[in-house]
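*Asks:* sequence unavailable; structure follows:
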């Protein structure tokens, strides 16, 4: 992974979120991420990592409660130590803005 890092050892992670309707009565919110430093693979299904799938309607409080652990974990990730090297982590947002606002707010 070290050879893929760019911009002075900054690990770039894109968080994405989007709602999906399955059938008449089931609505899901998908939160995933990809490592931008992976280049072209980050744009494929192999480069996308699911962080959460929530069965919920568009309810700010409920979604916020479901994502509290994920929000706390990502808030603590300023740097990461891997294979003896320290990387700064920079987050980017992509996807459905409404879903992402519920995640980061």
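*Replies:* Right, received. Where do you want to start? Everything numeric in this text was worked out from a predicted model, so none of it was measured.
*Asks:* where does the residue nearest the centre of the chain fall, phi/psi-wise?
*Replies:* With distances taken as CA atoms, centre = their mean, residue 15 lies nearest the centre of the chain, 2.9 Å away. Backbone geometry at residue 15, expressed as degrees, to the nearest 10, gives phi -100, psi 130.
*Asks:* per-residue confidence at it?
*Replies:* At residue 15, the pLDDT value in this model is 87.
*Asks:* mind checking how far it is from residue 28?
*Replies:* Between residue 15 and residue 28 the computed distance is 17 Å (CB to CB, to the nearest Å). In short, each C-beta sits where N, CA and C put it, glycine included.
*Asks:* now residue 18
*Replies:* Residue 18 sits 9 Å away from residue 28, going by CB to CB.
*Asks:* most remote residue from this protein's center?
*Replies:* The chain, farthest from centre, CA atoms, centre = their mean: residue 24 at 27.0 Å.
*Asks:* so that residue sits in a helix?
*Replies:* No. Counting by DSSP: H, G, I helix; E, B strand; the rest coil, residue 24 is not found in a helix; it is coil.
*Asks:* how close does it get to residue 55?
*Replies:* Here the criterion is CB to CB. By it, residue 24 lies 14 Å from residue 55.
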